[in-house]
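okay, sequence plus prediction incoming.
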Amino acid sequence: MDIDDKICVITGGASGIGLGLAKALIGRGGHVVLADINVTRAHDAAADLGPRASAAALDVRYLESFETLADHVFATFGRVDVMINNAGVSGGRGVLDTPEEEIDWVIDVNLKGVWRGTSVFGKRMRDQTTPSIICNVASENALGFINQGLGIYAGSKHGVLGMCDVLRHELPPHMRVCVACPGLVNSDLTRSSAQTAPNPRISDKYLAVADRMFALGMAPEEAGEMIAKGIEREDFIIPVHPHVVNIAATRWQEIADSFATHAPMQVDSDKYDVMKLLSRLALEDG
Ligand SMILES: NC(=O)c1ccc[n+]([C@@H]2O[C@H](COP(=O)([O-])OP(=O)(O)OC[C@H]3O[C@@H](n4cnc5c(N)ncnc54)[C@H](O)[C@@H]3O)[C@@H](O)[C@H]2O)c1
């Protein structure tokens, strides 16, 4: 997709990766709507970005909030070409010790929030019939093991990748879906997550460690550039940090080794292949 003059909506666009992406899209001639729960920050960021940027209020935890945003954007621009579901939060406890309400929160924002934006905007983009792209921001945590304390976050990001893998086979030919899988980016993720966390018990000590860690991450502008290039190319998976390929390869090697041991390929192994069975049933039904 050539981004020039395209209408792009970015959830969580007020800071971090969303804002870096906004800069990259504006640099390519796009118009961006920064939709964020922190509407003051979104307005300030849009003012800094200039006339091709505007801000809107959004809470990805509510379907109605997305409907209101979509009504506003379609009334203003008449269409949406690129919908980027980027808003997310990060918890950070061991799996065994995470309270259920914290799991509900992470899943509600990171997986259901992405589904809500994908569904509300995607249905309107399907009717639009002009080429359009949904880009959902997952993480390196969608591809393998990154670190202790990220189990629920990793579950939400694996969910985004799995959901989109099916979605790409359901969309009409004029639509594409991309999943960005960045690694560490210098952003406000820990602090901005506290806006909606059910137990905002983040200690000063934890914040200080998180600040030092995130400060070592890639600049959001660099990550935004790489994701924008992936959107232009319409690739399904958009990697950002080169070393993550080793994490994905470790996962794949473990799968391949397990299959070789427990379920090696036989001549008739495809007899349970769901796609082939469905084709056969369709043929039988005429
Ligand atoms: N920073 C990283 O290292 C990293 C790595 C991989 C993936 N990610 C993902 O990138 C995405 C962007 O995060 P970031 O790192 O740029 O952090 P960030 O805090 O800088 O940006 C997140 C934005 O989302 C907004 N937001 C949070 N909850 C919201 C809600 N309910 N409704 C609307 N907006 C909401 C915040 O106000 C903030 O502006 C997230 O999905 C995150 O999981 C981040």
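Cool, the structure landed. Numbers count the residues shown, from 1 in each chain.

helices of this structure, start to end?
16-27, 39-49, 63-77, 100-107, 113-128, 151-167, 189-193, 204-215, 220-233, 244-262, 274-284 (DSSP state H).

out of those helices, nearest to residue 174?
For the helices of the chain, proximity to residue 174 was assessed by C-beta to C-beta; helix 113-128 is nearest, at 8.1 Å. C-betas here are computed from N, CA, C, even on glycine.

next, the angle from the closest one to helix 63-77.
Calculated by axes from the mean of the first three to the mean of the last three C-alpha atoms, to 10 degrees, helix 113-128 forms an angle of 40 degrees with helix 63-77.

could I have the CA atoms of helix 113-128 written out in PDB?
Extracted in PDB, the C-alpha atoms of helix 113-128 (Å, rounded to 0.1, in the frame of the first residue of the first chain):
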ATOM      1  CA  GLY A 113      -9.300  -4.500  22.600                       C
ATOM      2  CA  VAL A 114      -7.600  -5.500  19.400                       C
ATOM      3  CA  TRP A 115     -10.600  -7.700  18.400                       C
ATOM      4  CA  ARG A 116     -13.000  -4.700  19.100                       C
ATOM      5  CA  GLY A 117     -11.000  -2.400  16.800                       C
ATOM      6  CA  THR A 118     -10.500  -5.000  14.200                       C
ATOM      7  CA  SER A 119     -14.200  -5.900  14.100                       C
ATOM      8  CA  VAL A 120     -15.800  -2.400  14.400                       C
ATOM      9  CA  PHE A 121     -13.500  -0.800  11.800                       C
ATOM     10  CA  GLY A 122     -13.000  -4.000   9.800                       C
ATOM     11  CA  LYS A 123     -16.700  -4.400   9.000                       C
ATOM     12  CA  ARG A 124     -16.800  -0.800   7.700                       C
ATOM     13  CA  MET A 125     -13.600  -1.300   5.700                       C
ATOM     14  CA  ARG A 126     -15.100  -4.500   4.200                       C
ATOM     15  CA  ASP A 127     -18.100  -2.500   3.000                       C
ATOM     16  CA  GLN A 128     -15.800   0.200   1.600                       C
END
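
surely residue 101 meets residue 199?
Yes: at 7.5 Å, residue 101 and residue 199 qualify as touching, with contact defined as C-beta atoms under 8 Å.

chain center to stretch 253-273, what's the gap?
31 Å (C-alpha atoms, centre = their mean, to the nearest Å).

contacts for it?
residue 276 (C-beta atoms under 8 Å, 6 or more residues apart in numbering).

how long is that stretch end to end?
End-to-end distance for stretch 253-273, by C-alpha to C-alpha, to the nearest Å: 22 Å.

just stretch 134-149 next, same as before
29 Å.

do it and the ligand meet?
Yes: using C-beta under 6 Å from any ligand atom, stretch 134-149 reaches the ligand at 137, 139.

what's the mean pLDDT across that stretch?
The pLDDT scores in stretch 134-149 average 97.

list the buried residues of that stretch.
Buried residues in stretch 134-149, counted by 16 or more other C-beta atoms under 10 Å: 134-144, 146, 149.

just the helices of the chain: most buried one?
helix 16-27 (a mean of 25; mean count of other C-beta atoms under 10 Å).

and the angle from that helix to helix 220-233?
Using the same axes, to 10 degrees, helix 16-27 lies at 60 degrees relative to helix 220-233.

helix 16-27 vs the ligand: in contact?
Yes: judged by C-beta under 6 Å from any ligand atom, helix 16-27 and the ligand are in contact via 16, 17, 18.

just stretch 237-245 next, same as before
No: Stretch 237-245 lies apart from the ligand when judged by C-beta under 6 Å from any ligand atom; the minimum separation is 8.0 Å.

quick one: buried residues of that stretch?
Neighbour-count burial for stretch 237-245 flags 237, 238, 239, 240, 241, 244 (criterion: 16+ other C-beta under 10 Å).

close to the ligand: what parts of this protein are there?
Residues of the chain lying near the ligand (C-beta under 6 Å from any ligand atom): 11-12, 14-18, 36-38, 58-61, 86-90, 109, 137, 139, 182, 184-185, 187-189, 192, 195-196, 217.
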